[in-house]
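>>> Predicted coordinates and the sequence they were generated for:
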There are 2 protein chains.
Amino acid sequence: MREDEQVATISVRDRLVDAAFELFAERGYEQTTVDDIADRAGVGRTTFFRQYRSKEDVIFPDHDRLIAAVRDRLATSTESTAIVAVSEAVRLVLLRYVDEGERARRRYALTSSVATLRDREIVSVARYQRLFREFIVDWMGPARDAALRAELMSAAVVSAHNHVLRRWLRKDTDDPVGELGAAMSQVTALFTEDRDASSDDGSIVVVLRDGRRPSQVAAAVRRALAEQP
Amino acid sequence: MREDEQVATISVRDRLVDAAFELFAERGYEQTTVDDIADRAGVGRTTFFRQYRSKEDVIFPDHDRLIAAVRDRLATSTESTAIVAVSEAVRLVLLRYVDEGERARRRYALTSSVATLRDREIVSVARYQRLFREFIVDWMGPARDAALRAELMSAAVVSAHNHVLRRWLRKDTDDPVGELGAAMSQVTALFTEDRDASSDDGSIVVVLRDGRRPSQVAAAVRRALAEQP
DNA sequence: CAGCTGTGTGATACTCAGTACCGCTGTAAC
DNA sequence: GTTACAGCGGTACTGAGTATCACACAGCTG
């Protein structure tokens, strides 16, 4: 291929994606064959499967690459707790979708209406959750209930992320990144509140002899609070 | 079919399941075709697809029926909070697997090693999570952050259930039901502790004029505590 | 220029899951 | 008997995904 052609021509991969989205919109997903897509993109069937492993693959973003990026981010994380590290890492995923813009929304329309694609999406999400779970387990070591806690944390982070992502996809929010931050602090709060709250609810008891003035009581309370961890 | 034959003969459905499990164990899942299964079960290919929608369906329990049972349980639930109701309902799922016994474990061996089946399992789990989420949303109404909280709760319940279920499948525990109860109280504890701990940590401030005695301060505190929700 | 090599491409043929249809057979009802 | 019906098997088809092979077009080399 000569250079001037290269400038004018969109890559084969992109042509296939465009063709696929067009056809899915026109006739629906099941009514479109791989041959149709390849034909419209002006390439052979073989080329389609060389570019994308399956018919579903055309619509989905490159999860392999994105997961690798998330893994890297986790590996080089300097956060103080596992759940905060994961909350930071999941931001990458949201940003990727937001960057895609309209294409992400068109994909959402498809995954919402086609069972096969919805299932595929669910499986992709589970891969992130697994990655997070394993990271948290490694981070926490063989502590008491570590496995269950890791499970819950990763599930919470992923759910919160998906909640915000779906809101953005549905145009329910203009500030997905801000909402993600809020959702993530809600999630981390779930897991970082005083554990064992049933036995220690965080109350402080200050005992004084009779005859003190309320200002003295207040001072004693202030002192007690300062000593709290 | 005459009656004496009916007694001696296992149903076609069961024969197909047995044949499938045998063949998957012998040659692996991908190396087994639907024809192979039908042949070994002594029926035609057509009959296979009349009994099971797909090749994967043979191994999985009847999730449609089980989900319906769970939905019924939720609909007739008299629990005080949504998450407790869901925690109770998810027990049905665990019990179903435990009832299956060895068959569930053989299925687990397959879903652990065959990507297609693992994906299918993940999708099934998502269906329960969705059911729970919708129930919780209905229960909570349009409260502040209800959608996100419902998302987190359903994810937590399902994760905890799966954690315990997998422990039982791996023979890491002999008391799955007990562990499920423990895991579920851990989950409910997550969501029933003082919420909004970041903005309201549960502290009570009692203001008094100078000159009161500590016993009067204590009485005022007692009164304030009594007024707490 | 001729020859070599590697890479992307398209055509063909194949396997297998899943669907649609049709004809057979045994059973139950009238 | 015959009519109705339900379960079964066979055949043929569609379409996804795989494997193979031959070709075209680059770039490099002598």
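Received the coordinates, thanks.
>>> Tell me where chain A has helices.
Counting by DSSP state H, chain A has these helices, from start to end: A:3-8, A:12-27, A:34-41, A:45-51, A:63-75, A:82-100, A:102-113, A:115-140, A:146-169, A:176-192, A:214-227.
>>> Minimum distance to residue B:61: which of the ones you listed has it?
Using CB to CB as the measure, helix A:115-140 is the one of the helices of chain A that comes nearest residue B:61, at 17.9 Å. Glycine gets a C-beta too; all of them are placed from N, C-alpha and C.
>>> Show me what that closest one is packed up against.
helix A:63-75, helix A:82-100, helix A:102-113, helix A:146-169, helix B:115-140 (3 or more CB pairs under 8 Å, 6 or more residues apart in numbering or on different chains; DSSP states H and E).
>>> is DNA strand C contacted by that helix?
No - Helix A:115-140 lies out of reach of DNA strand C by CB under 7 Å from any atom of the strand, never closer than 10.6 Å.
>>> between that helix and helix A:146-169, how many degrees?
The directions of helix A:115-140 and helix A:146-169 differ by 140 degrees, with axes from the mean of the first three to the mean of the last three CA atoms, to 10 degrees as the criterion.
>>> Run the contact check for helix A:115-140 versus DNA strand D.
No - Helix A:115-140 does not reach DNA strand D (CB under 7 Å from any atom of the strand); its nearest approach is 9.3 Å.
>>> Hmm, residue A:96 and residue A:61 touching each other?
Yes - when contacts are counted by CB atoms under 8 Å, residue A:61 is listed as touching residue A:96 (6.7 Å).
>>> Spit out the residues that contact these two alike.
Common contact partners of residue A:61 and residue A:96 (CB atoms under 8 Å, 6 or more residues apart in numbering or on different chains): none.
>>> Show me what from chain A comes close to DNA strand D.
So chain A meets DNA strand D at A:1-2, A:32-35, A:45-46, A:49, A:53-56 (CB under 7 Å from any atom of the strand).
>>> ChimeraX command to pick out the buried ones of these?
Buried residues within these, by 16 or more other CB atoms under 10 Å in any protein chain shown, are selected in ChimeraX with:
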select /A:32,34,55,56
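>>> and the two most separated of the residues of chain A next to DNA strand D?
It's A:2 and A:56 that sit farthest apart of those, by CB to CB, at 34.1 Å.
>>> For residue B:192, which of the helices and strands packed on helix A:115-140 is the nearest?
helix B:115-140 (13.5 Å).
>>> quick one: that closest one to chain centroid distance?
Between the mean C-alpha location of helix B:115-140 and the chain-wide mean there is a distance of 8 Å, by CA atoms, centre = their mean, to the nearest Å.
>>> got it, and stretch A:113-125?
Using CA atoms, centre = their mean, the offset of stretch A:113-125 from its chain centre is 15 Å.
>>> backbone phi and psi for residue A:53, please?
As for residue A:53, its main-chain torsions (degrees, to the nearest 10) stand at phi -60, psi -30.
>>> how near is it to chain B?
12 Å (CB to the nearest CB, to the nearest Å).
>>> got any ranges where chain A has weak pLDDT?
Counting by pLDDT under 70, chain A has low-confidence residues at A:1-9, A:193-209, A:211, A:213-215, A:217-229.
>>> For it, what lies in contact range of DNA strand C?
A:12, A:42, A:43, A:44, A:45, A:46, A:47, A:50, A:51.
>>> nearest to residue A:100, of these?
Nearest to residue A:100 among the residues of chain A next to DNA strand C, counting by CB to CB, is residue A:51 at 18.3 Å.
>>> ok, the nearest residue to that closest one once chain neighbours are set aside to chain B distance?
Ranked by CB to CB, 6 or more residues apart in numbering or on different chains and with sequence neighbours excluded, the top spatial neighbour of residue A:51 is residue A:13, at 5.2 Å. Separation of residue A:13 from chain B (CB to the nearest CB): 24 Å.
>>> now the helices and strands packed on helix A:115-140 in TSV, with distance to residue B:148 and mean neighbour count?
Formatted as TSV, the helices and strands packed on helix A:115-140 follow (distance: least, CB to CB, whole Å; neighbours: other CB atoms under 10 Å in any protein chain shown):
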stretch	distance to residue B:148	mean neighbour count
helix A:63-75	22	15
helix A:82-100	14	19
helix A:102-113	18	16
helix A:146-169	5	23
helix B:115-140	10	19
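>>> closest one to residue B:153 among those helices?
helix B:115-140 (5.5 Å).
>>> how far off helix B:12-27 does that closest one point, in degrees?
Using the same axes, to 10 degrees, helix B:115-140 lies at 130 degrees relative to helix B:12-27.
>>> OK, contacts around residue A:23?
A:32, A:36, A:37, A:40.
>>> now the residue nearest to the last one when sequence neighbours are not counted: how far from residue B:23?
With sequence-adjacent residues excluded and distances taken as CB to CB, 6+ apart, residue A:40 is closest to residue A:19, at 3.9 Å. The spacing between residue A:19 and residue B:23, counted by CB to CB, to the nearest Å, is 40 Å.
>>> Ok, residue A:175 next?
In this view, residue A:175 and residue B:23 are 54 Å apart by CB to CB.
>>> now residue A:89
On the measure of CB to CB, residue A:89 and residue B:23 end up 42 Å apart.
>>> swap in residue A:171?
To residue B:23, residue A:171 is 50 Å away according to CB to CB.
>>> repeat for residue A:77
Relative to residue B:23, and taking CB to CB, residue A:77 is found at 46 Å.
>>> hang on, residue A:20 packs against residue A:59?
Yes - counting by CB under 8 Å, residue A:20 touches residue A:59, with 6.5 Å between them.
>>> ok, these two, which is more surrounded?
residue A:20 (25 against 21; other CB atoms under 10 Å in any protein chain shown).
>>> show me what contacts that one?
Residue A:20 makes contacts with A:32, A:37, A:58, A:59, as judged by CB under 8 Å, 6+ apart.
>>> Who are the contact partners of residue A:164?
A:94, A:173, A:176, A:179, A:180, A:183.
>>> Not counting sequence-adjacent ones, nearest residue to the first one?
If the residues on either side of it in the chain are set aside, residue A:94 comes closest to residue A:180, at 5.4 Å by CB to CB, 6+ apart.
>>> The one you found touches residue A:91, doesn't it?
Yes - using CB under 8 Å, residue A:180 makes contact with residue A:91 at a distance of 6.4 Å.
>>> mind checking the end-to-end distance for stretch A:71-83?
End-to-end distance for stretch A:71-83, by CA to CA, to the nearest Å: 14 Å.
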